[in-house]
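Peer 1: Show me how the following folds:
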Amino acid sequence: MKPLQRLLEGMPSPRPPLSVHTGDGGCVVLAGPVVVFGPYEPGDLGMRNLGVVTLTQLGFAVGAVAAAFGIQPGYASTLRTRFREHGSAGLVAVSGRKAVLTPEVVATARGLLERGWSRGRVAGRFGVVPSALSKALSRHPAPAGPVEPVQTELEVRPGPDGARDAASAPAADTDTAGLGADTTTGEDTNTADDSIADTAAEADHVDQAEEADRVEGVEGVEGADRVEEAEGAGGSVVAPRITEGVFSTRYAGAMLAYAYLDRIGAPAVLTGLPQTPWRRFDQTQIACHTVLALLLGVGSIEQVKTLWRAQAGPLTGTLASPELHTLRPRLSAIAERLDALALQRTLATAMLALAGESAGVYYVDDHFVPYSGAKPVAMGHNGKRGRCEKGRADTLITDARGRAVCFTTSEPSHLSKTMQPALDQLRQIIPDGKIMLGFDRGGAYADAFTACQARGIDFLTYRRGTLADHTTPPRAHTVTRGRDRITVHLADELIDFPGYQGPARQLTLFEPDTDGDLVPVLQVLTSDLEASAADLLVTLKGRWVIENTFKYLGFYGIDWLLDYHAEITANTKLIDNPARTQANTAIRAAKADLAEAQRTLGELLNSGLSAAEKNTAIPDAQHTITHHTTNIATLTTERNKIPTQLPANQIDPNAQRALLRAHRRAFVMTLRLLAYNTDTWLADHLNTYLQDPNEYRAIMRSLMHHGGTITYTPHTITVTLDPHDTPRVNRALTCLTDELNTTPAHMPGDPRPITYQHATR
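Peer 2: Numbering: from 1, shown residues only. Prediction:
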């Protein structure tokens, strides 16, 4: 006999309907007059759901049970499924996030603390903030008996090269358990039960995934103290790198950058950057990731969000690249403790030390960076918009091949003034040797010439204003440019330039007019008294290389300020003195009165008055003219005692100016120039085999996004690039990788050599 038949034995047929009645004793379920379930409290959903499952198991129809309890038949079936899978615990859905800090997890965390882990590090291990961990430790006190040791799966044993022991690493596979954790914030995405039973695969990547970036910021002083202790002991903070694995990435072409970085000694330079108090990414990985991100088209730091982190991470030896909220503060921390200009000088010295990389010719120009904030930043001329705006001026020096050598940043001013700090940088990079510096008319002033002379640098520029007289006849010179031979007519002579101490050489270029006569069209000034006149002219025309440099640098975001913080100080800049302006206004008014008196006297003499009347009026008119003349002389004397310009804060005590903080932007600017020089070097070497002067730069930039695989082994790193769709690019890329392999590159901070190869179809 079925359970329902036994329960309702003796009841008349058909079966009585189910109903739920609520009384003082609670809710009961009746089948006719017979109580089949209950009583239970009206708000007890667990007992209600248990009653639904119980009655269906007794044989009542699902629809009848659902109608009695006022629920849908589908929900009743769902409750039956939950009961079969999870028992009575599955009948009540618990709202909210599942608790992470269970008593078992707290016991594990307490064991880690006893082993010497910091509270912030333990909190990051379980994806919580330190305050939540502290409350959980108070909520679940330690037992009185001995505490079991922490699971050995959490232990990470460093290998001989600072990496983890290869024996504890899982098989080389990109789909490891490490990618299951959110490497952006370090929060563990496993459940609480899974976080207790850590697997061996999770232990392999715990050094990378256990530290949450936001928790590192909360740790504050504690983390900094640990780093200072390590530095004081001569230690080096080096983040772990991938030991083994095969990674498919759409950014494999960016690995070509290490060929140039290694040749100029960038690994030693970047490894020597100020150490940061973080453990997940060291300073070398942060700098390398920024350079590679710039090569991948990330113009601003904010645009790193466009990169696929799981595919960009293997470029620097990590499972995932740093996110924006990780990258920005770490770049800032490095910049706070770094001399960016000294870093640029070191990189430029190494670049120019390569054989055949410098011809002694350099160009200088400045670039206006607009500022759109509300602070009283200095004004400058924005050439792109043709108007005066707030902003900064970056002064850049490039070599004859267009590669960035050094830069400075300052308030906007004339090139003749802004170039002088850049000249100091250049002379430190090249302490000895001849330097020829070319620039445009914006720097053709005597103080710029004097600054070059004081540093032992020859200048070459166009003359400003109208052409000066020439004293020598023009001579014909033949200039060879590529396969073309051009004849130019130049007048070569020595002149005295006002304000410049020393002889200056003036070259006047002549061109035929419509009648065929030679007429002067431009003049060149230089301090080089020995070089060929035609060669000097060609060198100055090559100044357009720096204009192209600024054009290409726009791809790397040089228009970004990066930091809007500023120091507000008194404005001591010299401005026009309003008192002198008023004095000049008074002099002009007095001269106007004098002119009117003279006109009145002339009209009097030419009037139709009698001689007696004229003689009577003339003395007064002459007296008026004398008075105005004396007044003009007095006003002029008083005007000359007034300074033409005064500091702005003397004229207005409330005058202020904002000095933008440039150390952060200077560091990122150095990385931008490094990325640009890398791109230029790779493009030049690619074009050796491509022979496409019009598109080789664009093709090289597109190759940064060329896909492939990166294979990490304990001893080598192999980059396998996918075949290119264009046969000629495919051939050139194969030749380029063969050339790069002759001198194996190394990733900064990683001793393993990098080998490039090209996959076949």
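
Peer 1: So what's the residue count around residue 524?
Peer 2: Applying other Cβ atoms under 10 Å, we find 23 residues neighbouring residue 524. For the C-beta atoms, the positions are set from N, CA and C on the backbone; glycine is no exception.

Peer 1: Quick check, it in contact with residue 507.
Peer 2: Yes - contact criterion Cβ atoms under 8 Å: residue 524 and residue 507 qualify, at 4.2 Å.

Peer 1: Give the full set of residues in contact with residue 711.
Peer 2: 245, 246, 247, 717, 718, 719, 720 (Cβ atoms under 8 Å, 6 or more residues apart in numbering).

Peer 1: quick check, it in a strand?
Peer 2: Yes - counting by DSSP: H, G, I helix; E, B strand; the rest coil, residue 711 is part of a strand.

Peer 1: May I have the beta-bridge partners of it?
Peer 2: residue 246, residue 718 (DSSP bridges).

Peer 1: Mind pulling up the pLDDT for it?
Peer 2: On the pLDDT scale, residue 711 is placed at 95.

Peer 1: From residue 411, how far off is residue 391?
Peer 2: Distance of residue 391 to residue 411, given as Cβ to Cβ, to the nearest Å: 9 Å.

Peer 1: between these two, which one's more packed in?
Peer 2: Neighbour count, other Cβ under 10 Å: between residue 391 and residue 411, residue 391 has more, with 23 against 18.

Peer 1: Please work out which residues outside stretch 41-48 touch it.
Peer 2: 22, 26, 27, 40, 69, 88, 91, 92.

Peer 1: tell me the mean pLDDT for stretch 489-506?
Peer 2: Computed over stretch 489-506, the average pLDDT equals 91.

Peer 1: begin at 607 from here
Peer 2: Sure, I'll start numbering at 607, so the last one becomes stretch 1095-1112.

Peer 1: how about it: buried residues?
Peer 2: Residues 1095, 1096, 1097, 1098, 1101, 1103, 1106, 1110, 1111, 1112 are the ones in stretch 1095-1112 that count as buried (16 or more other Cβ atoms under 10 Å).

Peer 1: gap between the last one and residue 1067?
Peer 2: To tie it back to what came earlier, the one meant is residue 1112. Residue 1112 is 11 Å from residue 1067, by Cβ to Cβ.

Peer 1: swap in residue 931?
Peer 2: On the measure of Cβ to Cβ, residue 931 and residue 1067 end up 47 Å apart.

Peer 1: Can you give the distance of stretch 1352-1367 from its chain's centre?
Peer 2: 26 Å (Cα atoms, centre = their mean, to the nearest Å).

Peer 1: For that stretch, the averaged confidence score.
Peer 2: 90.

Peer 1: burial count for residue 1320?
Peer 2: 13.

Peer 1: any common contacting residues for residue 997 and residue 1017?
Peer 2: 984, 986.

Peer 1: Out of the contacts of stretch 647-654, name the ones that lie in strands.
Peer 2: 628, 632, 633, 646 (DSSP state E).

Peer 1: hang on, the earlier thing: just the buried ones from the contacts of residue 1317?
Peer 2: Buried among these (16+ other Cβ under 10 Å): 851, 853, 1323, 1324, 1325, 1326.

Peer 1: Assess the claim that residue 1288 and residue 1306 are in contact.
Peer 2: Yes - taking contacts as Cβ under 8 Å, residue 1288 lies within contact range of residue 1306: 5.6 Å.

Peer 1: what helix or strand does residue 866 sit in?
Peer 2: helix 863-869 (DSSP states H and E).

Peer 1: quick one: low-confidence ranges for the stretch 807-956 of the chain?
Peer 2: Applying pLDDT under 70 to the stretch 807-956 of the chain flags residues 807-845, 882-885.

Peer 1: how close does the residue most central in space within the chain get to residue 653?
Peer 2: Among the residues of the chain, residue 907 comes closest to the average C-alpha position under Cα atoms, centre = their mean, at 3.4 Å. Distance from residue 907 to residue 653, counting by Cβ to Cβ: 57 Å.

Peer 1: Contact partners for residue 966?
Peer 2: 1039, 1040, 1041, 1042.

Peer 1: same check, this time on residue 669
Peer 2: Contacts of residue 669 by Cβ under 8 Å, 6+ apart are residue 679.

Peer 1: same thing but at 10 Å, please
Peer 2: Listed by Cβ atoms under 10 Å, 6 or more residues apart in numbering, the contact set of residue 669 reads 678, 679, 682.

Peer 1: Next: residue 1197.
Peer 2: 1234, 1235, 1237, 1238, 1241, 1242.

Peer 1: which one of the residues you listed sits closest to residue 665?
Peer 2: residue 1241 (118.8 Å; Cβ to Cβ).

Peer 1: can you give me how far stretch 1059-1075 is from the chain middle?
Peer 2: Worked out by Cα atoms, centre = their mean, stretch 1059-1075 lies 37 Å from the chain centre.

Peer 1: no wait, stretch 1229-1249
Peer 2: Distance, centroid of stretch 1229-1249 to centroid of chain: 60 Å (Cα atoms, centre = their mean).

Peer 1: May I see the buried residues of it?
Peer 2: 1230, 1231, 1234, 1237, 1238, 1241, 1245.

Peer 1: and what of stretch 1059-1068?
Peer 2: 1059, 1063, 1064, 1065, 1066, 1067, 1068.

Peer 1: coming back round to it: are any of the contacts of residue 966 buried, and which?
Peer 2: The buried subset of those - by 16+ other Cβ under 10 Å - is 1041, 1042.

Peer 1: now, which of the contacts of residue 966 lie within strands?
Peer 2: residue 1042.

Peer 1: Going by distance to residue 1012, which of the contacts of residue 966 wins?
Peer 2: Among the contacts of residue 966, and counting by Cβ to Cβ, the member closest to residue 1012 is residue 1041, at 12.1 Å.

Peer 1: Contact partners for that closest one?
Peer 2: By Cβ under 10 Å, 6+ apart, the neighbours of residue 1041 are 964, 966-968, 1003, 1029, 1032-1033, 1035, 1058, 1061-1065.

Peer 1: now residue 1323
Peer 2: 847-848, 861, 864, 920, 923, 1316-1317, 1350-1353, 1356, 1358-1362.

Peer 1: at 6 Å what do you get?
Peer 2: Residues in contact with residue 1323 (Cβ atoms under 6 Å, 6 or more residues apart in numbering) are 1358, 1360.

Peer 1: That one and residue 1350, how far apart?
Peer 2: 10 Å.

Peer 1: ok, now residue 1063?
Peer 2: 38 Å.

Peer 1: what does residue 1246 give?
Peer 2: 73 Å.

Peer 1: want to throw the contacts of residue 1317 into a markdown table with distance to residue 1164?
Peer 2: Shown next, in a markdown table, are the contacts of residue 1317 (distance: Cβ to Cβ, whole Å):
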| residue | distance to residue 1164 |
| --- | --- |
| 851 | 36 |
| 852 | 37 |
| 853 | 32 |
| 1323 | 31 |
| 1324 | 35 |
| 1325 | 29 |
| 1326 | 34 |
